[in-house]
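> make a model of this:
(3 chains)
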Amino acid sequence: MRYDHDLASLSVGAIATIGLYTILYRENRFYRFFEHLFLGLASGWALVAIWQETLKSLWWDKMVGATASDGNPAVMGYWAYILLLPVGLMGYTVFSKKHNWMSRIPIGVILGLYSGQQFSAWMTRYIPGISGTMKSIVPTTTQFFKPDQNPVKGDLYGSEALNNLIFIVTVLCVLSYFLFSFDVKSKILKNASLTGRWMLMIGFGAIFGTTVMMRFSLLIDRMYFIWIEFIKQGLLHMK
Amino acid sequence: MATNDPMPQKSLGDKLQSFPKSALYLALFVLVTIPLFFPVTLPNKPIEASIDFYAQMMKLPEGSKVLIASDWTNSTRGESMGQMEALLRIIMRKKIKFVVYTIADPQSPQVARDTIRKVSDEEVKAGGKAYEPFKDYVILGYFPNGEGTSAAINNKFLSICDGKKDYPLNSPPRDVMQSPVLQGVKSVADFKFLIVVTASNSSTVVLERVTKVPKMFMVTGVMVPETTTYYAAGQLMGLCGGVKGVYDLETLMQEGLNVPGPKEVTSEKYSEKIPGFPGMPPNGNGKGARYYPSLHFALFLLILVVIIGNLGMILSKKKAS
Amino acid sequence: MELFAQVAPKTFWNAPNSSTELLVKIFIGLAIGVALFFGLMAAPTQVRKPVLFTTTFVSGLFYVVFWLFPQPINRQPDDAPRNAMEGFSFWISDSQAVIADVTNIVAAFLIGLGIYSLLKVHAGRLVKQQKDWGFSAVLLVSMLAMVIFGYGDFIMRLDPANSKMAGSGYVGWTFWQFGKDLLFNGLLQNMDAAMFSIVAFYILSAAYRAFRARSIEATILLVTALIVMLSLMGLIEFYWGSSVDGLHLSNNFKLTNIAAWLGKNIQTPALRGIDFGVGIGLMAMGLRIWLSLEKTGGTS
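Okay, here's the model as predicted:
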């Protein structure tokens, strides 16, 4: 009997999927077996991929260089990369009671670089949004509804101006809800914060709807894998 | 207080609010499974964001180059794999070369490799050309520090390719700088697009740091509302969101845009005709098309149980008052 | 001086592959690194805060200067700086690539922290034969299996004789490739997908039990979620659209148009408002981390 790798792969996947789904009934040893199997495989792969995809090319090959071979040019080795090994290993001192302060050195380097980027990152991310929020709310024509056929280019119709006004009011109300979290006496600000809260609920409704779509898609994919890919196509060889 | 007192009868409202979990799980399981056995093509009107994505990709001339951040794994296979497959089909049919890198997960490069190989095999079966590693695409691997890598991509793209090797067919591992894919590439601006296929916030990391190349995102459902704000501000040229986005792309690949026919797809923004690939895979058998009917049933069940729960609450309140 | 610039000519910072000079320099560099490591371990307590503050501040300062200092525009590979200012600008631009490399390497080493912690806990449980040590054995065996097959496959692919493995199908595959594929695609990827898909059941159950219209806010949330979910259903969209088809004005009441209007004019600005708020917080947090004012991750 020849080894059918496709079927073997589908079979172990299906068994593992069903094993993990047993948690829906209740916590059991079958689930815990597959849970530990999953953790072991994931961490094992992380060890492989860290070397294969990252460290070998970014660190080791740059440190030791290479001679010309198989069409690849010769590359000099840069010895200073070895200094990164003790720096990286400082992170492991987090397990030491006496020396765990040293683990903050490599983390401090990474966090420091990250925080230094925040200023330009903030500008790139938010300035287009801020300028996109500055919409015109004054119509340039007396027509309220935008015609379907041949609307005049450059004209702002009444309905569009109203939409822009709703847009700006929503942003301001939501911001007032966040910024004025202290007690305010002004009735306008109080109502703005209340309106902001309601607008937020509309935003959260959208997030809920799309999140539900995503989670159900993941489940549908698993059912497709078990019923169609494994049973129908793999075991029963039906198209 | 006496133990012989009979248990108070549950009102209709209380009964409606206390379905057992197992019944709900079973109902979901059944409703999601049955449509998979009866594939039907449901009507679909692609949204403007998906149409933008498709139109921008279809306008690319043959031989262009795109940069892809493949930041997903099989944990979001239901959406991300469909998105990646749709993207790769368009790329392969337009004969576009691409470079893949990852900043999100160590598993992602291998998942990308397997998906590219699978789609290439399907294209060959459908009469297309095989896509070869190193010659038509290169995979740069995993970069654990996404922020620094994204800044390096924007500042000096070739620095992230330095020392990287890929695995050409019938040839030893070669330096990616020698690949035909990277010939003529001096900076990230030489790519037509940076496309991020992601299930995490790596899209935001890229958005904040890469400014020299137009970007398009393919995100999972949970990221759609936030990413739509960037699309609305013009920071993205196109957006494909969730399984709906996958089905939108599959519909456009089948019907084209503004192509006359019974299922013509039109757009407010684009008046020109943009053809599809009728008859070519997935041809109604893609992930979007196969999952969409089940999604209907699952969403319908959720809406139903929420309505039942609220009805139960109203009836209980009425009885209490 | 260019910071570790990848130039072909021989400099103090580089040496040819496998040369004695390179090996000696690597050894000396390692000795310096180890001396630094043990030196820090022996350092007095008063030195700790300044060391942490300096490393964090200097790291952050690099990108602040990178952002503020004028960058070369349309710089060509053979361009030379005309003065000190340009020279500094060129150096900053070249250094950024090396800094990115350095952070990737350090981050890669730090990823091992989680794995080391996992190993420590489960190996300890196995050795001491504590409760459920059998599961710890499963974890360790599967980790070892993945490492062995993963590296076995990787090493084989480096060999030019195995280059046909890069093609489609199982051409040239051996025991190592099948083993790695079974563990990675057969088991790991499928379990990854299964773990995340379980949440769908919990969402359904939670929505049934907790999603109640008890207040105005909850009702707004419920109604909007309903509209969004209905708009995701193409079939509902089709029949709803057909029933309101007719006058131009009635087209505005098609489900797609209602959902699109809500999305464009209320959801997008609402989420943008949240984003701005989060952004202000991120900026403040970035500043606090850079200046080591943040106690939790900083110098205390």
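> C-alpha only now, for contacts and for neighbours.
Noted.
> could you grab the helix/strand/coil label for the residue of chain A most remote from its centre?
Residue farthest from the centre of chain A, counting by CA atoms, centre = their mean, is A:Thr142 at 45.5 Å. Assigned state for A:Thr142: coil (three-state reduction, DSSP: H, G, I helix; E, B strand; the rest coil).
> before we move on, what about the one 4 residues further on?
Taken by three-state DSSP, the conformation at A:Lys146 corresponds to coil.
> pretty sure it sits against A:Asp155.
No. The criterion here is CA atoms under 8 Å, and A:Lys146 misses it with A:Asp155 at 9.3 Å.
> overlap of the contact sets of the two?
Counting by CA atoms under 8 Å, 6 or more residues apart in numbering or on different chains, A:Lys146 and A:Asp155 have no shared contacts at all.
> which parts of the chain are strands?
Since you didn't name a chain, this refers to chain A. Assigned by DSSP state E, the strands in chain A fall at A:77-78.
> my question was about chain C, not that one.
Going by DSSP E, chain C shows strands at C:14-15.
> kindly state the pLDDT recorded for the most centrally placed residue in it?
The C-alpha lying nearest the average C-alpha coordinate of chain C belongs to C:Ala107 (CA atoms, centre = their mean; 9.7 Å). According to the prediction, C:Ala107 has pLDDT 93.
> residues in contact with C:Ile26?
A:79-80, A:82.
> how near is it to B:Ala104?
Remark: distance between C:Ile26 and B:Ala104 (CA to CA, to the nearest Å) = 31 Å.
> tally of neighbours for C:Ile115?
18 (other CA atoms under 10 Å in any protein chain shown).
> mind pulling up the pLDDT for it?
We have a pLDDT of 92 for C:Ile115.
> neighbours around the closest residue to it other than its chain neighbours, how many?
Spatial nearest neighbour of C:Ile115, chain neighbours left out: A:Ser43 (6.1 Å); criterion: CA to CA, 6 or more residues apart in numbering or on different chains. Residues near A:Ser43, counting by other CA under 10 Å, number 26.
> which residues touch B:Ile308?
B:16-17, C:208.
> name the element it belongs to?
helix B:287-320 (DSSP states H and E).
> quick one: that helix to chain centroid distance?
Centroid separation between helix B:287-320 and its chain, computed with CA atoms, centre = their mean, to the nearest Å, is 26 Å.
> against B:Asn145, how distant is B:Pro106?
From B:Pro106 to B:Asn145 the distance is 12 Å (CA to CA).
> look up how far A:Phe204 lies from A:Asn163.
20 Å.
> neighbour count winner among those two?
When neighbours are counted by other CA under 10 Å, A:Phe204 comes out ahead of the other of A:Asn163 and A:Phe204, with 21 against 18.
> surely the more buried one and C:Leu221 touch.
Yes. Contact criterion CA under 8 Å: A:Phe204 and C:Leu221 qualify, at 6.5 Å.
> quick check: residues of the stretch 101-250 of chain B near chain C?
With CA under 8 Å from any CA of the partner chain as the criterion, the stretch 101-250 of chain B meets chain C at residues B:117-118, B:121, B:132-133, B:143-145, B:148-149, B:151-152, B:155-156, B:159-160, B:167-173, B:225-226, B:228-229, B:232, B:244.
> tell me the contacts of the residue nearest to the centre of chain C?
Here C:Ala107 is in contact with A:88, A:110, B:144-145 (CA under 8 Å, 6+ apart).
> is it possible to get JSON lines of the residues you listed that adds pLDDT and neighbour count?
Putting those into JSON lines (pLDDT from 0 to 100; neighbours: other CA atoms under 10 Å in any protein chain shown) gives the following:
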{"residue": "A:Gly88", "pLDDT": "92", "neighbour count": "22"}
{"residue": "A:Ile110", "pLDDT": "91", "neighbour count": "24"}
{"residue": "B:Pro144", "pLDDT": "93", "neighbour count": "27"}
{"residue": "B:Asn145", "pLDDT": "93", "neighbour count": "22"}
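> in helices only, show me those residues.
Assignment to helices by DSSP state H places the following of those there: A:88, A:110.
> which one's the longest helix in chain A?
helix A:187-223.
> just the buried residues of that helix, please?
Across helix A:187-223, burial judged by 16 or more other CA atoms under 10 Å in any protein chain shown covers A:189-190, A:192-223.
> what about residue 31, neighbour count?
Going with chain A. Neighbours around A:Tyr31, by other CA under 10 Å: 20.
> I was after chain C.
Neighbours of C:Ala31 (other CA under 10 Å): 15.
> contacts only, for it.
Contacts of C:Ala31 (CA under 8 Å, 6+ apart): none.
> what's the helix or strand of chain C with the lowest mean pLDDT packed up against?
When the helices and strands of chain C are scored by mean pLDDT, DSSP states H and E, helix C:234-244 comes last with a mean of 83. In terms of contacts (3 or more CA pairs under 8 Å, 6 or more residues apart in numbering or on different chains; DSSP states H and E), helix C:234-244 is packed against helix C:216-231, helix C:255-262.
> who's in contact with that helix?
B:42-45, C:230-231, C:250-251, C:253-256.
> export the contacts of C:Ala107 to CSV and append columns for distance to C:Val171.
CSV is the format used below for these (distance: CA to CA, whole Å):
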residue, distance to C:Val171
A:Gly88, 39
A:Ile110, 43
B:Pro144, 32
B:Asn145, 35
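> show the pLDDT at residue 45.
Here I'm looking at chain A. 95.
> wrong one, chain C
For C:Thr45, the pLDDT comes out at 90.
> now A:Pro139: how far from A:Leu156?
Counting by CA to CA, the gap from A:Pro139 to A:Leu156 is 5 Å.
> next, count neighbours for B:Phe37.
Neighbourhood size, B:Phe37 [other CA under 10 Å]: 12.
> do A:Asn164 as well
Neighbours of A:Asn164 (other CA under 10 Å): 20.
> list the residues that contact it.
A:Asn164 neighbours (CA under 8 Å, 6+ apart): A:135-137, C:265.
> can you do 10 Å?
By CA atoms under 10 Å, 6 or more residues apart in numbering or on different chains, the contact set of A:Asn164 is A:133-138, A:158, A:170, C:264-265.
> try A:Gly158
So A:Gly158 contacts A:137-146, A:164 (CA under 10 Å, 6+ apart).
> just the buried ones among these, please.
A:137, A:139, A:164.
> max-length helix in chain C?
Looking across chain C with DSSP H, the single longest helix is helix C:84-127.
> domain map for chain A?
A:1-77, A:135-239 (automatic domain parsing).
> out of those, which comes closest to C:Ser136?
Smallest distance to C:Ser136 across the domains of chain A (CA to CA): 7.1 Å, for domain A:1-77.
> centre of the chain to that closest one, how far?
21 Å.
> what does stretch B:193-212 give?
On CA atoms, centre = their mean, the centre of stretch B:193-212 falls 14 Å from the chain's centre.
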